[in-house]
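Asker: Any chance you can model this:
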Amino acid sequence: MLSIGPVRLPEFPLLLAPMEDVSDPPFRAVCKANGADLTYTEFISSEGLVKGTLSSRRKLDIFEGERPVGIQLYGGDETMLARAAAIVEATQPDLLDINFGCPVKGVVGKGAGAGVLKDVDRMVRLTTAVVKATRLPVTVKTRLGWDDQTINIEEVAVRLQDAGIQALTIHGRTRCQLYKGEADWTLIGKVKNDPRITIPIFGNGDIDSPGKALEYKNRYGVDGIMIGRAAIGYPWIFREIRTFLETGRFCPPPSVADRIAVCRQHLAGALAWNGPKQGLNEMRGRYGQYLRGLPDIREYIRQLVRLTEPAAVEEMLDQVATAYEGFETAAEPIELIDYHANCSL
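Answerer: This next block holds a predicted model:
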């Protein structure tokens, strides 16, 4: 077993990354049901949370069936982060994560997210303020550095550990790379194998298959893997990786019935959390993700996104099930789309 404070996880946990406009409760529930060991909320503005912004407050929603779950904060002001941490603690998540990795200009320009990578002393001060403000285990997600000339993750890891964090996730790119190019795990491995490091180190970036997960586990020695974009529309990635790590066998690709079942589960969660109108609106972008790769599926998706009643959606999903009965899906290559707004991929 691996521990982050009182949180107990499998020996090599698979984590769902916090993704803006993606990692809401319905999506986290789908990933949890398909093998994610630890999930995180969308990132939440500390300033918005303290001011009581409705959108920020809603992101605090967590449900017992998805535990363990962490709430992720971002911000560039020590006082605001500390006050937000106290608000987060009151909602009783299992962990509190600080986002020092978001590369988006609107976040970086406020001195938050990956913008903090330019000032390690300030990063330490912000982290210390959060650690002192809560009894929750505090973790951090960050990047290798600001750019190729200022890669400082080895220093950052040691100093954040000294500040009191209990786990660190490292995305294998700099801020200036955004999500372009290939993630470099070499420095993630160096941090993990630094004798000064005693906290769990999780790797993140470009893990999109069971084979790659095993390769990177063995090559870099990380304590676990965080998965972001590869889980969008394909929550089965967690179960596939776990099965391969434990047995060496590949799972068959999800059947049409599996895909439709996930659509139904996500729909039910979206309706319960958002209500009928907003829940259906939120699902419009999900059908294509879950049903991608099926031949001639476009017309069904076109109809699904236009429906305004849950019962009609269920009926259309029944039609999809009937139309593709007996069809065997092939393993689809996972497309790592550059969701530029999803800051913690």
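Asker: didn't Arg135 look like it was pressed against Glu89?
Answerer: Yes. Counting by Cβ atoms under 8 Å, Glu89 is a contact partner of Arg135 at 6.6 Å. Backbone N, C-alpha and C define where each C-beta goes, glycine included.
Asker: out of the two, which sits in the busier spot?
Answerer: Between Arg135 and Glu89, counting by other Cβ atoms under 10 Å, Glu89 is the more crowded of the two (15 against 10).
Asker: who touches the helix or strand harbouring that one?
Answerer: Following DSSP states H and E, one finds Glu89 within helix 78-90. With contacts defined as Cβ atoms under 8 Å, 6 or more residues apart in numbering, helix 78-90 is touched by 44, 46-47, 49-50, 60, 71, 73, 75, 96, 98, 125-126, 129-130, 132-136, 138.
Asker: Produce a ChimeraX select command limited to the buried residues of those residues.
Answerer: In ChimeraX, a selection of the buried entries from the contacts of helix 78-90 looks like this (16 or more other Cβ atoms under 10 Å):
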select :44,46,47,49,50,71,73,75,96,98,126,129,130,133,134,136,138
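Asker: Out of the contacts of helix 78-90, name the ones that lie in strands.
Answerer: Those of the contacts of helix 78-90 mapping onto strands are Ile44, Ile71, Leu73, Leu96, Ile98, Val138, per DSSP state E.
Asker: how far away is Lys110 from Gly75?
Answerer: Lys110 is 8 Å from Gly75, where distance means Cβ to Cβ, to the nearest Å.
Asker: whoops, Arg57 was the one
Answerer: 15 Å.
Asker: Repeat that for Asp148.
Answerer: Relative to Gly75, and taking Cβ to Cβ, Asp148 is found at 27 Å.
Asker: likewise Val104?
Answerer: Distance of Val104 to Gly75, computed by Cβ to Cβ: 14 Å.
Asker: cool, Ala82 as well?
Answerer: Distance from Ala82 to Gly75, by Cβ to Cβ: 10 Å.
Asker: repeat for Cys251
Answerer: Per Cβ to Cβ, Cys251 is found 40 Å from Gly75.
Asker: how about the CA coordinates for the lowest-mean-pLDDT helix or strand in the chain, as CSV?
Answerer: Of all helical and strand segments in the chain, the minimum by mean pLDDT, DSSP states H and E falls on helix 105-108, at a mean of 84. Extracted in CSV, the C-alpha atoms of helix 105-108 (Å, rounded to 0.1, in the frame of the first residue of the first chain):
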residue,chain,number,x,y,z
LYS,A,105,-1.9,33.0,-19.9
GLY,A,106,-4.9,34.1,-17.9
VAL,A,107,-3.7,32.1,-14.9
VAL,A,108,0.0,32.7,-15.3
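Asker: got a list of what Leu307 touches?
Answerer: Leu280, Val313, Met316.
Asker: got TSV for these, with pLDDT too?
Answerer: As requested, these are exported to TSV (pLDDT from 0 to 100):
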residue	pLDDT
Leu280	96
Val313	97
Met316	97
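Asker: closest to Asn34 among the residues you listed?
Answerer: Proximity of these to Asn34, judged by Cβ to Cβ, is greatest for Val313, which lies at 21.1 Å.
Asker: Quick one: neighbours of the closest one, just the number.
Answerer: 22.
Asker: from the chain's centre, how far out does the helix or strand where Glu42 lies sit?
Answerer: According to DSSP H and E, Glu42 maps onto strand 38-45. Here strand 38-45 is found 7 Å from its chain centre; the criterion is Cα atoms, centre = their mean, to the nearest Å.
Asker: That one pairs with which strands?
Answerer: Strand 38-45 pairs in its sheet with strand 14-16 (parallel), strand 69-74 (parallel), by DSSP bridges.
Asker: Serialize those strands to JSON lines and add fields for distance to Asp121.
Answerer: Shown next, in JSON lines, are the strands paired with strand 38-45 (distance: least, Cβ to Cβ, whole Å):
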{"stretch": "strand 14-16", "distance to Asp121": "28"}
{"stretch": "strand 69-74", "distance to Asp121": "18"}
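Asker: Test for you: state the pLDDT assigned to the closest residue to Val131 other than its chain neighbours.
Answerer: Closest residue to Val131 apart from its sequence neighbours, by Cβ to Cβ, 6 or more residues apart in numbering: Gly164 at 3.8 Å. Looking at Gly164, its pLDDT is 98.
Asker: Hmm, Gly164 is touching Val124, no?
Answerer: No. Gly164 lies out of contact with Val124 (Cβ under 8 Å); the separation is 10.1 Å.
Asker: sorry, back to before: from the chain's centroid, how far away is the helix holding Glu89?
Answerer: The answer for helix 78-90 is 21 Å, by Cα atoms, centre = their mean.
Asker: How about stretch 131-148?
Answerer: With Cα atoms, centre = their mean as the basis, stretch 131-148 stands 15 Å off its chain's centre.
Asker: As CSV, could you dump the C-alpha coordinates of stretch 141-158?
Answerer: This file holds the C-alpha atoms of stretch 141-158, laid out as CSV (Å, rounded to 0.1, in the frame of the first residue of the first chain):
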residue,chain,number,x,y,z
LYS,A,141,1.2,19.3,-9.2
THR,A,142,3.7,21.2,-11.2
ARG,A,143,6.0,21.2,-14.3
LEU,A,144,9.7,20.8,-15.0
GLY,A,145,10.3,24.6,-15.0
TRP,A,146,9.3,27.7,-16.8
ASP,A,147,11.4,27.0,-20.0
ASP,A,148,14.4,25.0,-21.1
GLN,A,149,16.8,27.5,-19.5
THR,A,150,15.1,27.5,-16.1
ILE,A,151,14.3,23.9,-15.4
ASN,A,152,14.4,23.6,-11.6
ILE,A,153,12.2,20.7,-10.7
GLU,A,154,14.9,19.0,-8.6
GLU,A,155,15.3,22.0,-6.4
VAL,A,156,11.5,22.5,-6.3
ALA,A,157,10.8,19.0,-5.2
VAL,A,158,13.1,19.1,-2.2
